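Chemist: The sequence isn't on hand, but the structure is:
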Ligand code: NI
């Protein structure tokens, strides 16, 4: 066992308790008031300087090393989901309709443990480490809040992580190239005068047009996207009609699109607009398309991804290194940091023999392996040492 693993092993029960305390009190996007207070308390215990975020929730901790060097940021998101927890765990949510079902409680405990470890190794640390406790990842807005308040301005590299139920607890997943997809939301409003169900020849039918549109949208991925590229076009919401005997005057389709390459994104936008306009023309309805930009793909910089690999293999052992064969088509607002600064992202394995640990993220019954906290904290420390040019062998 490496020196840092040894130290983390001693601290693990404390940070598992912190995680469980955060788990009991989940707060959703931009409402993380109690959560912010708890994090402030934990960072203050390690003597870390604290700057409040300019918005009501979230904060940034700052640890200055003993020698000059680069500034890096390590990020954890803080928000829970509007879900009623059904995990049956003794430390389940005490707040009705709120649950840490995406593991952001694990992220916070992991980063707090990393802050503790790094503060203990401060004499060997060069440069500055900023701890970004970011609100509202689920709404894809929290990263923008920290960026808008200037916390990223002096940062040379930014790193983040997310729990991952499909891989074993304590493993760290990473890859060169895309880790997560970019996403946008689209909305297609289909309009016609409307009329009586018994007289379909007297009005174009937006319901029939919507059905054709949904079907044609399937061809964007199957027929227009290169087979070895990746994209998703999902219509997740359809709002239509009020009664069986009325042809309505409006149908609204709402959906989500995902991509890994910017050029694929542009093509999908063009395809959605073309299919909506073409179907509308052929079926005599009006269609208007709105595309709301989300976040870009999470693509790490190779040299920083390689630092994750070095930190994991040297501090946790090569058996904990999980080189991911593919990206996930999920999205992550960490992408907003990467639009401004180089960085890299990794996965914290949270699977175990417990079948509930293999449930998907955002499931009300999911359990997370808490082994992720120690592994993630050690990985963050190693990454911080490498990215600031500090001597990693001190941690071995
Ligand atoms: Ni999440």
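Modeler: Nice, I can see it. Remember, it's a predicted structure, so these values are computed and weren't measured experimentally.

Chemist: Which residues are in contact with the most centrally placed residue in the chain?
Modeler: The chain has residue 332 as the residue nearest its centroid, 3.1 Å off, counting by Cα atoms, centre = their mean. Residue 332 is in contact with 137, 160, 162, 180, 295, 298, 345, counting by Cβ atoms under 8 Å, 6 or more residues apart in numbering. Every residue, glycine included, has its C-beta placed from N, CA and C.

Chemist: Could you list the low-confidence segments of the stretch 251-396 of the chain?
Modeler: Judged against pLDDT under 70, the stretch 251-396 of the chain has no low-scoring part.

Chemist: Where do the helices of it begin and end?
Modeler: Secondary structure of the stretch 251-396 of the chain by DSSP state H, counting those that start in this stretch: the helices cover 262-282, 302-315, 335-340, 371-387.

Chemist: Over to residue 69. Which of the three states is it?
Modeler: Counting by DSSP: H, G, I helix; E, B strand; the rest coil, the backbone at residue 69 sits in strand.

Chemist: residues contacting it?
Modeler: By Cβ under 8 Å, 6+ apart, residue 69 lies in contact with 126-128, 388-390.

Chemist: in the stretch 1-150 of the chain, which spans are strands?
Modeler: Assigned by DSSP state E, counting those that start in this stretch, the stretch 1-150 of the chain shows strands spanning 49-52, 59-64, 67-77, 126-134.

Chemist: okay, those, which one's buried deepest?
Modeler: Across the strands of the stretch 1-150 of the chain, the average number of neighbours (mean count of other Cβ atoms under 10 Å) peaks for strand 126-134, which reaches a mean of 26.

Chemist: Now do residue 136, the pLDDT please.
Modeler: Note on residue 136: pLDDT of 89.

Chemist: my bad, should have said residue 29
Modeler: pLDDT, residue 29: 89.

Chemist: Could you pull up the residues touching it?
Modeler: Residue 29 touches 79, 135-139, 141-142, counting by Cβ under 8 Å, 6+ apart.

Chemist: so how many other residues sit close to residue 370?
Modeler: Residues lying near residue 370 (other Cβ atoms under 10 Å) number 20.

Chemist: quick one: it from residue 312, how far?
Modeler: In this view, residue 370 and residue 312 are 18 Å apart by Cβ to Cβ, to the nearest Å.

Chemist: again with residue 169
Modeler: Residue 169 is 14 Å from residue 312, where distance means Cβ to Cβ.

Chemist: Residue 142 now?
Modeler: Residue 142 is 26 Å from residue 312, by Cβ to Cβ.

Chemist: Give me the more crowded residue out of those two.
Modeler: Each of residue 142 and residue 312 has its neighbours counted (other Cβ under 10 Å); residue 142 has more, 28 against 25.

Chemist: Now do the same for the more buried one: its pLDDT.
Modeler: 89.

Chemist: Let's have the helices of the stretch 251-396 of the chain in TSV, adding distance to residue 75.
Modeler: Below are these laid out as TSV (distance: least, Cβ to Cβ, whole Å):
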stretch	distance to residue 75
helix 262-282	23
helix 302-315	13
helix 335-340	7
helix 371-387	10
